[in-house]
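> coords below, sequence missing:
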């Protein structure tokens, strides 16, 4: 299983709206691509929250092929949507992981 992890630091003034949008719009759209089987959204604890909370959105793909398909066909469009909506009020970075049984 491949885990596409996106860690996001969001500013306090928009944190509630952003979280609601993630749960109601963004995550369902990403899952709707068919590239990921499930997801997990977590809040990262024991970090400096002076500027806002930090979250990790994790999307589980059954194979690297499915993840690559997501990158080629959807990732740029989703990144543009996120940037238009939230501008410079968030910071994110991506990590790709593989489960080890």
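Looks like it arrived, so ask away. Since this is a predicted model, take the numbers as computed values, not measurements.
> so what's residue 45 scoring on pLDDT?
With respect to pLDDT, residue 45 scores 97.
> tell me who's in contact with it.
Applying Cβ atoms under 8 Å, 6 or more residues apart in numbering to residue 45 gives no contacts. All C-beta spots, glycine's among them, are computed from the backbone N, C-alpha and C.
> just use 346 as the starting number from now, easier for me
Got it, the first residue is 346 from now on, which makes the last one we talked about residue 390.
> quick one: it is in a strand?
No: Residue 390: not assigned to a strand; according to DSSP: H, G, I helix; E, B strand; the rest coil it is coil.
> if I look at it, how far off is residue 400?
Distance, residue 390 to residue 400, by Cβ to Cβ, to the nearest Å: 11 Å.
> next one: residue 375
14 Å.
> go on, residue 439?
From residue 439 across to residue 400, the span is 13 Å (Cβ to Cβ).
> quick one: common contacting residues for these two?
Contact criterion Cβ under 8 Å, 6+ apart; residues shared by residue 439 and residue 400: residue 352.
> which one's more surrounded, the two?
residue 400 (20 against 12; other Cβ atoms under 10 Å).
> hmm, residue 368 and that one touching each other?
No: checked against Cβ atoms under 8 Å, the pair residue 400 and residue 368 is beyond contact range at 10.8 Å.
> check the contact lists of those two and give me the overlap.
With Cβ under 8 Å, 6+ apart as the test, residue 400 and residue 368 both reach residue 386.
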